[in-house]
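*Asks:* Starting from these lines, generate the structure:
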Amino acid sequence: MSLSPVAALAGRLVVAEVLQEPSYRRLWVSGLCVNVARWMDLVTVGWLALQLTGSPFMVGLAAFARAAPLMAVGPFAGIVADRMVRGRVLLAAQSVGLVTALALAAIFASRAGGYWPLVALEIVFGAMWALDFPARRTALYTILGASRVAQAVSLETVSMQIAKMLGPLAAGVCLARLGPAASYLVMALVYTAGLLASRGLVGRLGGPGGGAPTSVVASLRTGLQAAWTSPTVRGVLLVTVAMNTLFFPYQHMLPVFARDVLAVGPTALGALVAADGCGALLGALMIASRGGQFAQRTLFAASVLVAPVLLVALSGSRSFLACVALLVVMGAAESGFAAMQSTLVLLSAPERVRGGAMGILSACIGTQPLGTLAIGLLAASVGAPLAFAVNALAALLVIIPLAVPLARGRPG
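*Replies:* Prediction:
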């Protein structure tokens, strides 16, 4: 895509109706900061785990610790989003992220950093992100309503992909020139900026839902039942599990692929991850510019079918520039998946359990650590390229029978 179409798309986004809402603008900037820190951490923890242990499996184990709380805590975090003032939930989550980043910066600055302290504090990061996700996504619906939620989620995806470009590049430069303490210190500064952007949002993002309070178990049961009885939500959740256990774990093995296959360092690793983010940003800009006027389920299905095919191509490449190009295209497909995943769940779930449904979605996203452990073992045995190819082909086998009916069927 040439620069002029991208600039035109960006110009249309500037005047987007949803950005005229002050609360949404603050929420968007806050989310950008959280995602920059998250992507900085992904590159930093992967490279540190590889340098400290030399083992692809230990890289996968660190990624498991980072993402496992999303699977374990996600449904309960969704209930929190339904029962508490969401602005306070977001402030609490970002405050935990700030403290954790400062702790890691202090540990590595004092040269006391090791693999297991790193893993322990990554679990805290994971719990923070598990709390943030359902509250943030449910707040979008509260601020903008059903008619604008697709565009809002698309703009959130734009935020995520800008972060996916900035975060890895910043982490790569910090690791190459200043060390891990500097990377975590920059993360702390980013979290501080997010907290400043979140000021004034308390009370504007919705609070406890209506109706008589129920037990946590009853809330979980109701959310699961509502999700499972909707064909669209059920299909999205199953595809999400497949994508996160079989496709997305490749991201955690990129440090191994960069060092052992492409023979490049942390700066080039940051560029690889940023290339994925660049493609995803272009895709998100295109989606958001349409204002929700497109076949959402068809786009979702096409994205999840194309992405694994591109991963097979990536596994066979030994050229850094070719890998960059493939990751740009792959990022565009990932963007379609990410934007439509939340949109379809938000539009299909009943209002009283919308936060709970997003919590279940976050738990499905949180199945990724199972995949990171598996791909870590596989990469340690047969190498990262073959591990990428095996996972991608397995993903296609699982996703095809789910995605094709979803694209052809009726909304749930």
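
*Asks:* what comes up buried for stretch 37-51?
*Replies:* Taking 16 or more other Cβ atoms under 10 Å as the neighbour-count basis, stretch 37-51 is seen to contain the buried residues 37-50. For every residue, glycine as well, the C-beta is placed using N, CA and C.

*Asks:* Let's see which of those end up in helices.
*Replies:* Helix and strand membership here follows DSSP state H; of the buried residues of stretch 37-51, those in helices are 37-50.

*Asks:* could you give me the average pLDDT of stretch 194-204?
*Replies:* In this model, stretch 194-204 carries a mean pLDDT of 76.

*Asks:* Next, give me the two most distant ones among the ones in helices among the buried residues of stretch 37-51.
*Replies:* By the measure Cβ to Cβ, 37 and 50 form the most distant pair in these, at 20.6 Å.

*Asks:* For the helix or strand containing residue 137, name the packing helices and strands.
*Replies:* Under DSSP states H and E, the secondary-structure element containing residue 137 is helix 115-144. With contacts defined as 3 or more Cβ pairs under 8 Å, 6 or more residues apart in numbering; DSSP states H and E, the packing partners of helix 115-144 are helix 22-53, helix 56-83, helix 86-109, helix 149-177, helix 320-348, helix 354-365.

*Asks:* Following the chain past the last one, name the next helix or strand.
*Replies:* In this case it means helix 354-365. Toward the C-terminal end, the helix or strand that comes next after helix 354-365 (DSSP H and E) is helix 368-382.

*Asks:* How far off centre is that following helix?
*Replies:* For helix 368-382, the distance from its own C-alpha centre to the chain's C-alpha centre is 19 Å (Cα atoms, centre = their mean, to the nearest Å).

*Asks:* buried sites along it?
*Replies:* Taking 16+ other Cβ under 10 Å as the basis for neighbour counts, the residues of helix 368-382 that come out buried are 368, 369, 370, 371, 372, 373, 374, 375, 376, 378, 379, 380.

*Asks:* That helix versus helix 22-53: what angle between them?
*Replies:* Orientation check (axes from the mean of the first three to the mean of the last three Cα atoms, to 10 degrees): helix 368-382 against helix 22-53 gives 30 degrees.

*Asks:* circling back: who wins for proximity to residue 384 among the helices and strands packed on helix 115-144?
*Replies:* When those are compared for distance to residue 384 using Cβ to Cβ, the nearest one is helix 56-83, at 6.9 Å.

*Asks:* what mean pLDDT does that closest one have?
*Replies:* Mean pLDDT, taken over the full extent of helix 56-83, equals 76.

*Asks:* And for stretch 383-399?
*Replies:* Averaging pLDDT residue by residue across stretch 383-399 gives 95.

*Asks:* Give me whichever of the helices and strands packed on helix 115-144 is most buried.
*Replies:* Across these, the average number of neighbours (mean count of other Cβ atoms under 10 Å) peaks for helix 354-365, which reaches a mean of 28.

*Asks:* How far off centre is that one?
*Replies:* 13 Å.

*Asks:* Wait, residue 182 touches residue 174, no?
*Replies:* Yes - the criterion here is Cβ atoms under 8 Å, and residue 182 meets it with residue 174 at 4.5 Å.

*Asks:* and the gap between residue 317 and residue 311?
*Replies:* From residue 317 over to residue 311 the distance is 11 Å, taken as Cβ to Cβ, to the nearest Å.

*Asks:* can you check residue 39 too?
*Replies:* Residue 39 sits 19 Å away from residue 311, taking Cβ to Cβ as the criterion.

*Asks:* how about the helices in the stretch 151-300 of the chain?
*Replies:* 180-198, 216-229, 231-242, 254-256, 266-289, 296-315 (DSSP state H, counting those that start in this stretch).

*Asks:* of all these, which lies closest to residue 162?
*Replies:* helix 266-289 (5.9 Å).

*Asks:* you'd agree residue 324 is up against residue 273?
*Replies:* No - with the criterion set as Cβ under 8 Å, residue 324 and residue 273 do not qualify as a contacting pair; they are 10.4 Å apart.

*Asks:* what stretches of the stretch 251-400 of the chain score poorly on pLDDT?
*Replies:* Within the stretch 251-400 of the chain, the set of residues satisfying pLDDT under 70 comprises 288, 290-294, 349-356.

*Asks:* Which one of residue 317 and residue 311 is surrounded by more residues?
*Replies:* For residue 317 versus residue 311, neighbours defined as other Cβ atoms under 10 Å are more numerous around residue 311 (24 against 18).

*Asks:* Wait, that one touches residue 385, no?
*Replies:* No - Residue 311 is not in contact with residue 385 according to Cβ under 8 Å; the separation is 10.6 Å.

*Asks:* picking up where we left off before, please identify the most buried of the helices of the stretch 151-300 of the chain.
*Replies:* Mean neighbour counts were taken over the helices of the stretch 151-300 of the chain using mean count of other Cβ under 10 Å, and the top value, a mean of 26, falls to helix 254-256.

*Asks:* shouldn't residue 317 be in contact with residue 324?
*Replies:* No - using Cβ under 8 Å, residue 317 makes no contact with residue 324, being 9.6 Å away.
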